[in-house]
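fold the following and give me the result.
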Amino acid sequence: MIIYDATNQVLGRLSSVIAKRLLKGDNIVVVNAEKAVVAGNPEYTEDRYFQKHKRGDAIKGPFFPRQPDRIFRFTVRGMLPWDRTRGREAYRRLKVFIGLPEEFGDKKLEKFDGADAIKLKSRKMSLGEISLALGAKKRW
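Below you'll find the model as predicted:
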């Protein structure tokens, strides 16, 4: 089992690495999902996620999540071959948590060097901020 810490990690870059590891057969746990960041203009980012959330019918969907852990899972799902059995099985091996659960407190957390947002010069917005903008109830 590999445990990733999403604190100050770029969402797309980290998600692509996680998707590749899932397809290889690894079990992956992601903690601190609300601290993952989306690079770019915050106003544009907020508007783009709001459009994704409002798309579709209220009864039939498609439905876009509000909570940061579910947004993270949805991003990884988009990078997996969902129409194939191996993609769906890989998706079942992914666990995403808000915050750091007690059971993973003493374990070693990994960070992906290529997804570090501190090196970014552009503006960024965390998944927690995006969730609050979409109307999520804060539970982190």
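
and the most centrally placed residue in the chain, how far is that from Phe112?
For the chain, the residue nearest the mean C-alpha position is Phe72 (1.8 Å; Cα atoms, centre = their mean). Using Cβ to Cβ, to the nearest Å, Phe72 is found at 14 Å from Phe112. Where you see a C-beta, it was placed from the backbone N, CA and C, and this is true even at glycine.

before we move on, what about Ala19?
For Ala19, the distance to Phe112 - Cβ to Cβ - is 12 Å.

ok, now Leu120?
In this view, Leu120 and Phe112 are 14 Å apart by Cβ to Cβ.

among the two, which residue is more densely surrounded?
Phe112 (17 against 14; other Cβ atoms under 10 Å).

right, and that one touches Arg13 too?
Yes. Counting by Cβ atoms under 8 Å, Phe112 does reach Arg13; the two are 7.1 Å apart.

all strands for the protein, in order.
2-5, 28-31, 37-39, 94-96, 124-126 (DSSP state E).

please produce a markdown table containing those, extended by distance to Leu80 and mean pLDDT.
What follows is the strands of the chain, written out as a markdown table (distance: least, Cβ to Cβ, whole Å; pLDDT from 0 to 100):
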| stretch | distance to Leu80 | mean pLDDT |
| --- | --- | --- |
| strand 2-5 | 16 | 94 |
| strand 28-31 | 12 | 96 |
| strand 37-39 | 19 | 92 |
| strand 94-96 | 9 | 97 |
| strand 124-126 | 24 | 91 |
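
with that, I have no additional questions.
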